[in-house]
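S.K.: Got a sequence here, can you build the structure:
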Amino acid sequence: MLIEKWKRENNLFKFATKETSQDSFFSWVIQGINCNYPDRIENYNLAKEFLKEISPQGLKEDIDKVYEVKIIRQFLNIDILLVLNMSNGKQKFLIIENKTSSGLRNNQKESILYYTKFLDEIKNKRSMNIFDSWEIYCNSDNIEDNIYSVLIRTNLELRDDFNHDENEIKKYLMKLDRNYDFLKNDNFFDQHINFINNKEKIEKIVELFKKYQNTDKLIKDYYDALVFNLENDSVLNSSENSIEFINKNGILEEDKTHFRTAYMCLACFNNILKNPIKIDEEKINTRSSVRIVDVDINPNTDTQRRKIIVLTLDFNNGNEFGNFFIQDNIWQENQEKESTDDIRYVYLFTKENDCFNNTYYTFRGLFRFLKRVNNIKYWKKCRIGEHGKISIKKEDIEKYIKIEEDLGNDNA
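M.R.: This next block holds a predicted model:
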């Protein structure tokens, strides 16, 4: 059991979670095209099958004609540029844009996944020193017919709407000048641009790496990481864990409602916020709390007003949230310095890390402030809701608080 646990945790992709790590792995896999030797035939076959799987329709059938591939990293900010030398002496180019959890930047949309940028560069021969060093031919006729682009998005966080990437690209496509009218042709676009950004397409890649997982420990590690992400994503991205579902039904479920970002935890309360939270991709995880409502227990006095917030917390150094409970659903919060706030109730989400360092937030319940001793605050889980299901509708929150106030004499 211990050795199995060690094998599971000793996965390279538990630590190599960045897009550049995936770039390196894909490059390593594709390099197998160049080792068509009897003792490396599985690496060669994997490389060809992988290229067929990710290539746009217009390139798939030509992969069998590739006899050599040159891999260029970060040229013109392209993650991976493949120079495919064909058996008939021609060259084709595949641009690979790889994403794990980040969105497409404007320059990636404007250049149609760097297609127009690379085409412009090669037509105008702006980088001849690089082209010469990689033996890239710049005098080919109809060079636009030999350039292809693919977006691979392996993290499901931004794939709730798997048409989103393509729709965003096509908005910018219409803004291109007439020199790129050929790209606006639907058939040409579909033949030259591909999107690997939904569960069905990623599962095909999973099956491919499953087939070759015993070829190399690195392939096995990547396969395990992909499977883990897909299995967990089925929970994290279920309809019950969408902001739309929460807003419509107004119900959170303890230990079962999960969100990818702190923003989602806070934004699901937008229906009762005076100032709804706006999406800011640059600051999406910087806010940790938002005040949602004040409940007047006694309308005749301000001293009976109870402030309620939504709070997201990150328990560092490997500590799990459960370790902070001391007894009878009482949670002990350690603070670096004494707080003077007067928050009385908290809808609590805690930040979790899975075994591949992906993060998500889990709803833990509604908690009531009990007391503060020096730098330690004590909170008790409220006795409300049914089977862990707690409403976030304003009228229900007010009802919960009044019930708690009537029930409690816990040094509040």
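S.K.: Which phi and psi values does residue 91 adopt?
M.R.: Residue 91 has phi and psi values of phi -120, psi 140 when expressed as degrees, to the nearest 10.
S.K.: in the sheet, who's paired with it?
M.R.: Beta-bridge pairing of residue 91 under DSSP bridges involves residue 85.
S.K.: ok, it to residue 140 distance?
M.R.: Distance, residue 91 to residue 140, by CB to CB, to the nearest Å: 7 Å. The way it works is simple: take the backbone N, C-alpha and C, and place the C-beta from them, glycine included.
S.K.: Looking at these two, which has the bigger crowd around it?
M.R.: residue 91 (17 against 14; other CB atoms under 10 Å).
S.K.: you'd agree that one is up against residue 138?
M.R.: No: Residue 91 is not in contact with residue 138 according to CB atoms under 8 Å; the separation is 10.0 Å.
S.K.: about what we covered before: are there residues contacting both of residue 91 and residue 140? Which ones?
M.R.: residue 146 (CB atoms under 8 Å, 6 or more residues apart in numbering).
S.K.: For burial, what's the neighbour tally of residue 87?
M.R.: Residue 87 has 11 neighbouring residues, counting by other CB under 10 Å.
S.K.: just checking, it touches residue 65?
M.R.: Yes: Residue 87 is within contact range of residue 65, at 4.8 Å (criterion: CB under 8 Å).
S.K.: What is the helix or strand encompassing residue 400 packed up against?
M.R.: Taking DSSP states H and E as the criterion, the element that holds residue 400 is helix 394-407. With contacts taken as 3 or more CB pairs under 8 Å, 6 or more residues apart in numbering; DSSP states H and E, helix 394-407 sits against strand 289-296, strand 305-314, strand 389-391.
S.K.: then that helix to PDB, C-alphas only?
M.R.: What follows is helix 394-407 as a C-alpha-only set of coordinates in PDB (Å, rounded to 0.1, in the frame of the first residue of the first chain):
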ATOM      1  CA  LYS A 394     -31.900  36.900   1.400                       C
ATOM      2  CA  GLU A 395     -35.100  36.000   3.100                       C
ATOM      3  CA  ASP A 396     -33.700  32.600   4.100                       C
ATOM      4  CA  ILE A 397     -30.500  34.100   5.400                       C
ATOM      5  CA  GLU A 398     -32.500  36.400   7.600                       C
ATOM      6  CA  LYS A 399     -34.500  33.500   8.900                       C
ATOM      7  CA  TYR A 400     -31.400  31.400   9.600                       C
ATOM      8  CA  ILE A 401     -29.800  34.200  11.700                       C
ATOM      9  CA  LYS A 402     -33.000  34.800  13.700                       C
ATOM     10  CA  ILE A 403     -33.200  31.100  14.500                       C
ATOM     11  CA  GLU A 404     -29.600  31.000  15.600                       C
ATOM     12  CA  GLU A 405     -30.000  34.100  17.800                       C
ATOM     13  CA  ASP A 406     -33.100  32.500  19.400                       C
ATOM     14  CA  LEU A 407     -31.300  29.200  20.000                       C
END
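S.K.: and the gap between residue 65 and residue 49?
M.R.: Residue 65 sits 15 Å away from residue 49, taking CB to CB as the criterion.
S.K.: Between these two, which has more neighbouring residues?
M.R.: Ranked by neighbour count (other CB under 10 Å), residue 65 and residue 49 place residue 49 first, with 18 against 13.
S.K.: So this protein: which segments form each domain?
M.R.: The record's domain split for the chain, according to automatic domain parsing, is 2-233, 244-407.
S.K.: any chance of these in CSV, plus mean pLDDT?
M.R.: As requested, these are exported to CSV (pLDDT from 0 to 100):
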stretch, mean pLDDT
domain 2-233, 85
domain 244-407, 75
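S.K.: picking that back up, may I see the buried residues of the helix holding residue 400?
M.R.: Buried residues in helix 394-407, counting neighbours by 16 or more other CB atoms under 10 Å, are found at 394, 397, 398, 400, 401, 404, 405.
S.K.: how about residue 385, what does it touch?
M.R.: Contacts of residue 385 (CB under 8 Å, 6+ apart): 254, 365, 366, 391, 400.
S.K.: Let me fix that, I meant to ask about residue 133.
M.R.: No contacts exist for residue 133 under CB under 8 Å, 6+ apart.
S.K.: Would you quantify the distance from it to residue 127?
M.R.: Distance, residue 133 to residue 127, by CB to CB: 10 Å.
S.K.: One more: residue 225?
M.R.: Residue 225 is 35 Å from residue 127, where distance means CB to CB.
S.K.: need the longest strand for this protein.
M.R.: When the chain is parsed with DSSP state E, its longest strand is strand 359-373.
S.K.: wait, doesn't residue 218 sit right on residue 24?
M.R.: No: between residue 218 and residue 24 there is no contact under CB under 8 Å: 10.1 Å.
S.K.: Flag every buried residue along stretch 187-198.
M.R.: 189, 191, 192, 193, 194, 195, 196, 197, 198.
S.K.: so who does the residue nearest to the fourth one when sequence neighbours are not counted touch?
M.R.: Residue nearest to residue 193 in three dimensions, not counting chain neighbours: residue 149, with 5.3 Å by CB to CB, 6 or more residues apart in numbering. The neighbours of residue 149, taking CB under 8 Å, 6+ apart as the test, are 56, 94, 95, 96, 97, 112, 113, 114, 115, 192, 193, 194.
S.K.: same question, residue 126
M.R.: residue 120.
S.K.: can you tell me the helix or strand for it?
M.R.: Residue 126 is part of no helix or strand when elements are defined by DSSP H and E.
S.K.: Quick check on it: phi, psi?
M.R.: Here residue 126 shows phi and psi, under degrees, to the nearest 10, equal to phi -80, psi -20.
S.K.: Ok, residue 374 next?
M.R.: Torsion angles, degrees, to the nearest 10, at residue 374: phi 60, psi -120.
S.K.: could you check the angle helix 394-407 makes with the longest strand of the chain?
M.R.: 30 degrees (axes from the mean of the first three to the mean of the last three CA atoms, to 10 degrees).
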